[in-house]
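Trainee: Need coordinates for the following:
(2 chains)
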Amino acid sequence: MSDNSLNNLPGGFKGMSHDMGSDQTAFKGVQWGKVMMWIFLLSDTFVFSCFLISYMKGRASTVVDWPNTSEVFSLHVGDVPVPLLLIAIMTFVLITSSGTMALAVKYGYEKNRKMCGWLILATAIGGLTFVGMQVFEWSKLIHEGVRPWENPFGAKQFGSFFFMITGFHGTHVSIGVIFLFIYARKVFRGDFDNGKRGFFTTMKSDYVAIEILGLYLHFVDLVWVFIFAFFYLW
Amino acid sequence: MSDEYNQKNTPLEAQSSETISGTPSKDIDYVRPAELPEQDLYHGHSFITKWIFCQDAKVIGIQYFLTAVFTGIVGLVLSWLMRLQLGFPELVPFITAEHYYQFVTMHGMIMVVYFLTALFLGGFGNYLIPLMVGARDMVFPYVNMLSFWMFFIAVCVLMASFFVPGGPTGAGWTLYPPQAILPGTPGSNMGIILMLVSLSLFVIGFTMGGLNYIITILQARTRGMTLMRMPLTIWGIFTATALAMLAFPALLVSCIMMTLDKMLETSFFMPAILQAGEVLNYEGGSPVLFQHLFWFFGHPEVYIVALPAFGIVSDLISVHARKNIFGYRMMVWAIVGIGALSFFVWAHHMYVSGMNPWFGFFFATTTLIIAVPTALKVYNWIITLFRANIRMNTVMLFCLGFIVTFVNGGITGIFLGNVAVDIPLSDTYFVIAHFHMVMGIAPLMVIMGAVYHWFPLVAGRMLSEKLGKWHFWITFLGAYSIYFPMHYLGFIGVPRRYYEMYDSPYVASATGMNEFITVAALIVGFAQLIFIYNIVSSLSIGKPAGKNPWKANSLEWLTPEVPPAHGNWGEKLPVIHRWPYDFNVPGAKEDYITQTTPPSEVISAKVEKT
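Mentor: Numbers count the residues shown, from 1 in each chain, chains lettered A, B, ... in the order given. Presented below is the predicted three-dimensional model:
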């Protein structure tokens, strides 16, 4: 922000009504891109909510019993089936990548280019690991005969909803990973320091972009928590 | 009132910088300095970057407008074919039952999604938002450009479905499974898949545009432009966009799930089905789930079309009645309230779907509650017109036409909102009459009024008033001739979506009326050629409009160049001092005070504080 008039705004609800009643911006000092990401995420929340509500409805009304998830999703360590093992690792990796992303944002704003870049790369590798493990889980289930249109363990909707929703979420993670690699390159090249113009948009680069990407990734991680709870713990 | 309360020293009227009399001081013109630096804009150099892959919201708006009008014309022709089949089946022997269902489906989907939604939000939204809030452009011009081209691809995919084997889908615009994807329904292979893909692309494209509209309105207003000084047009478009951002996800999800049902034989929406003695590979899905998802999108969609129309018509009425809009804040809250309520009424489309009857009770209640803010708006439009200095031009005629049509459609909506009345009337022509009145003709009246109003801004020339009046009267009376008799057809029980009326006695009695409706539909359709001729001819021979031909207050008329150039505002962004409705203010020299007029220039005028 150019002036410090934004530093002494009223806080709390009074501040909210002040901001809403004021001219120019409703969210003071928040960049356009950041507001855009928040509102996009609100919309995306509705997408995932529709998926999960459909899943609940579908699961509640199947004619065949739902498969026992702690058996279907278990991994065999030696001969012992361990339920939730793979998924625990996946969740751990994804949440950790959220942590590295948050640190990357911090170092970005501190203009610590090296740390920021490495942490973005670490986040990207966390995301890739997650997607890789998801591929492993998918191939395991497919190997056991689960398909979107059939399921040897019980209700066929299990396969349909599982592949659709985790696939949709995995696509989100993959898109995030692609952007993480692009941003890592941009950070190492110094685009965000010298405000290099974007190839497509011709707009100047700014470190806020990393925070915006971070918002997206945190959201994707949050959605995973819900998918985890609904598919693996129910 | 307590005794301590000192009445004498407390001014009863709120102190307003704009009503202070005496010598003007510099301070009353004070407006907070700019919070944000100037927007960084990309200026196109070549023909391609200026007119095709253009990042200027005004050009994108026109691109949206023209594409939407093209799809609208396709929809109109489809409706003619349907009417010919219903009125004079012997004239069109080439229309089979399959064709008829395909026409019904494509007409409905095109008109609701690809025509009205794209026209109001993509067309008027893109053109007007940056101009009316005083921005140089949308906040993400590149994403805005992608939004249009995604919409364009969606339209291409939709149109492609006319040319694939089996033709477009004939499932009805609601695309209810299981029939939408089963053999027996026309276009149940390629047709339905292309429709679902096209809708998904539309949602993606619209999300990119919608983010632009919302952020531009929230974060890119000019100095002095508070939310409560925005024209109601912007409020309508803003709320409709917010609805779209929350409602389209349900459509996207249902499209994805139905595509999977079709292509991978999943059973999201498909129960166990026996088809010609053969058990299909479906079991355990829920068709009603699709209906819930579809109408969770579908009902807000009605308001996505209606709210921009409400906003635009409020502005047109105010300008051409030379009077401030009555109850501006009430109008704003009514728009926002209708928008919020529209998410709690969806299942009133499903009274006959076999859902739990308590649902019907709940949704009937919420549906009737929504009539309250809607009625407030109608009263406010009428009170705005009351004893106003009305200019009876084409724009005003269309506004009046809108009010009449909307009240008509709204009242039949109250009939249909009640479960007990809806059940006998559902799936009859009464429903057709209701929604064509309320979300077909009424928004169309606004679109046409808005074109007559803003054409001088876009093209720099006026449209012909004489042709405009012919256009209005034929359209208005013709539309009534089409839809008014349909209420009667509904009452006698003529079912909708029937390819022909067979020999039922009550239907046979309606033959003459069906023929009359068809003739009226053909006349109204052809009358739109007057409109198109008016636009095309006025582009070259229309009277030059000059600046602000309607003497309006809002910002879009106050650009340094007409039509506005890229970047809209020349050197400096405008500074806003008031709302856009200061018409006929006592004490003012002219009958209008533009939004940019500083208080010191109208020191003796009794301006309302906004």
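
Trainee: quick one: contacts for A:Phe130?
Mentor: A:Met90, A:Val93, A:Leu94, A:Ser97, A:Val173 (CB atoms under 8 Å, 6 or more residues apart in numbering or on different chains). Placement of C-beta: from N, CA and C, glycine included.

Trainee: A helix includes it, no?
Mentor: Yes - applying DSSP: H, G, I helix; E, B strand; the rest coil, one finds A:Phe130 inside a helix.

Trainee: now, which of the contacts of A:Phe130 sits nearest B:Pro178?
Mentor: Proximity to B:Pro178 was ranked across the contacts of A:Phe130 by CB to CB; first place goes to A:Val173, at 33.3 Å.

Trainee: Whichever strand or helix holds that closest one close to chain B?
Mentor: When secondary structure is defined by DSSP states H and E, A:Val173 falls within helix A:156-189. Yes - using CB under 8 Å from any CB of the partner chain, helix A:156-189 reaches chain B at A:Lys156, A:Gln157, A:Gly159, A:Ser160, A:Phe161, A:Met164, A:Phe168.

Trainee: so for the helix or strand following that helix, what's the average pLDDT?
Mentor: Per DSSP H and E, helix A:156-189 leads on to helix A:191-194 as the next helix or strand towards the C-terminus. Mean pLDDT, taken over the full extent of helix A:191-194, equals 87.

Trainee: what ranges of the chain fall below the confidence cut-off?
Mentor: This is for chain A. Filtered on pLDDT under 70, chain A yields the residue ranges A:1-7.

Trainee: wrong one, chain B
Mentor: Filtered on pLDDT under 70, chain B yields the residue ranges B:1-26.

Trainee: What ranges does it have for its strands?
Mentor: Assigned by DSSP state E, the strands in chain B fall at B:274-275, B:278-279.

Trainee: Just send those back as a markdown table, with distance to chain A and mean neighbour count too.
Mentor: Putting the strands of chain B into a markdown table (distance: least, CB to the nearest CB, whole Å; neighbours: other CB atoms under 10 Å in any protein chain shown) gives the following:
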| stretch | distance to chain A | mean neighbour count |
| --- | --- | --- |
| strand B:274-275 | 15 | 10 |
| strand B:278-279 | 13 | 8 |
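
Trainee: Please dump those into JSON lines; it should also carry distance to B:Thr511 for every row.
Mentor: Supplementary listing: the strands of chain B in JSON lines, determined by distance: least, CB to CB, whole Å:
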{"stretch": "strand B:274-275", "distance to B:Thr511": "36"}
{"stretch": "strand B:278-279", "distance to B:Thr511": "41"}
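
Trainee: Go through these and name the closest to B:Gly191.
Mentor: For the strands of chain B, the distance to B:Gly191 is smallest for strand B:274-275, at 18.4 Å, taking CB to CB.

Trainee: Report the strands that pair with the closest one, each with its relative direction.
Mentor: strand B:278-279 (antiparallel) (DSSP bridges).

Trainee: Now tell me what touches the strand it pairs with from outside.
Mentor: Against strand B:278-279 from outside (CB under 8 Å, 6+ apart): B:Ala272, B:Ile273.

Trainee: How far away from the center of its chain is that strand?
Mentor: The gap between where strand B:278-279 is centred and where its chain is centred comes out at 45 Å by CA atoms, centre = their mean, to the nearest Å.

Trainee: The residue most central in space within chain B and chain A, how far apart?
Mentor: What sits nearest the mean C-alpha location of chain B, by CA atoms, centre = their mean, is B:Val305, with 2.9 Å. The spacing between B:Val305 and chain A, counted by CB to the nearest CB, to the nearest Å, is 19 Å.

Trainee: ok so, going back, centre of the chain versus the helix holding A:Val173, how much separation?
Mentor: The chain centroid and the centroid of helix A:156-189 are separated by 8 Å under CA atoms, centre = their mean.

Trainee: same deal with stretch B:545-555?
Mentor: On the basis of CA atoms, centre = their mean, stretch B:545-555 sits 24 Å off its chain's mean C-alpha point.

Trainee: tally of neighbours for B:Met258?
Mentor: Residue neighbour count, defined by other CB atoms under 10 Å in any protein chain shown, stands at 28 for B:Met258.

Trainee: who touches it in this structure?
Mentor: Counting by CB under 8 Å, 6+ apart, B:Met258 makes contact with B:Leu175, B:Pro177, B:Ala180, B:Ile181, B:Ile192, B:Leu196, B:Phe268, B:Phe269, B:Phe290.
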